[in-house]
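1. could you work out the structure for the sequence below:
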Amino acid sequence: MNIIKLFQLEWMKMRNTLAWTLIFVAPSVVTLLQFFIILKMGVGDPKDGLSPWTPFFQQTMMFWSLLMLPLFITLETALLAGLEHQESHWKQILIQPVRRVEIYAAKFMAAMALMALSLIILWASILFFGFVLVWIRPAYGFQHNAIPWLSALAYLGLSLAASWFIVVIHQWVALRWRGFVAPLAFGVVMTVAGFIIIQTEYRDFYPWAMPGWLIMGFSKGDLILRPLIFGMAGGLIGSITAIWDLVRRDVV
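-> Residues are numbered from 1 along each chain as shown. The predicted structure is shown next:
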């Protein structure tokens, strides 16, 4: 019950902050960019029988997973930890009659909740801009094809599962070290390295390449299990390890 209450408290603290705003801005920007690409290049030949909703979801999810997702997680976890780093709020938090493990567990839960909510916003923004295309580009045929609800939800679920490990790593880094520069620099370096590693055979095991590689494979009809399994296993084991390390710390 303490963890639930602490999670609710984390949720309340995030409201009206930059971290909360970013949940809506980042997915909408990615979808808007894909929207303009479709306006310029189209979505393929309607005679092929492929629903235009399918490439819209596929391309937007790949854009999100490859480019925006690692940087989004970097910013969100840094902002979330910054709420406590400011003015040494940790001293006030850790003297409360609540176990440290519950405090840190609630923060990791809040980070994953932010990630899940951002994917819901991404899904909703795709639908919104898809209906805009129905109005301004009826020749594309969005209005004549069913929305692939199941595959769209599968994209969201796979992206969330594969990104769990990244969220855990960045949340640990952001909580472990004060300031905004160190977590941001770490995230940028790891994300840039991911663009290189995703072209190698190590992409199945590199956390920052896992979501992009998984979504790329799924868009071609191939469910690549290794990045999915390692993302979830790394997220679970990493959460336990990170919380154990944070609980042991004497200096905050």
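2. any regions of the stretch 1-150 of the chain where pLDDT drops low?
-> By pLDDT under 70, the low-scoring segments of the stretch 1-150 of the chain are 1, 44-49, 85, 87-91, 94-95.
3. where exactly do the strands run in it?
-> All residues of the stretch 1-150 of the chain lie outside strands when identified by DSSP state E, counting those that start in this stretch.
4. doesn't residue 160 make contact with residue 231?
-> No: taking contact to mean CB atoms under 8 Å, the distance of 9.3 Å between residue 231 and residue 160 leaves them out of contact. Every C-beta, even on glycine, is put in place using the N, C-alpha and C of the backbone.
5. neighbour-wise, which of these two wins?
-> Each of residue 231 and residue 160 had its neighbours counted (other CB atoms under 10 Å), and the higher figure belongs to residue 231 (26 against 20).
6. who are the contact partners of residue 43?
-> Each residue near residue 43 by CB atoms under 8 Å, 6 or more residues apart in numbering is listed here: 52, 55, 56, 140.
7. so residue 77 is in contact with residue 186, correct?
-> No: no contact is recorded between residue 77 and residue 186 when judged using CB under 8 Å, the distance being 10.3 Å.
8. neighbours around residue 182, how many?
-> Taking other CB under 10 Å as the neighbour definition, residue 182 ends up with a count of 14.
9. relative to residue 130, how far out is it?
-> To residue 130, residue 182 is 40 Å away according to CB to CB, to the nearest Å.
10. likewise for residue 60?
-> In this structure, residue 60 and residue 130 are 10 Å apart, going by CB to CB.
11. so these two - more neighbours on which side?
-> residue 60 (27 against 21).
12. nearest residue to the more buried one other than its sequence neighbours?
-> Across the structure, with CB to CB, 6 or more residues apart in numbering as the measure, the residue nearest residue 60 apart from its sequence neighbours is residue 34 (4.5 Å).
13. right, and the one you found touches residue 55 too?
-> No: applying CB under 8 Å as the test, residue 34 and residue 55 come out as separate, 9.6 Å apart.
14. between these two, point out the one with more neighbours.
-> Under the criterion of other CB under 10 Å, the comparison of residue 34 against residue 55 puts residue 34 first, with 23 against 16.
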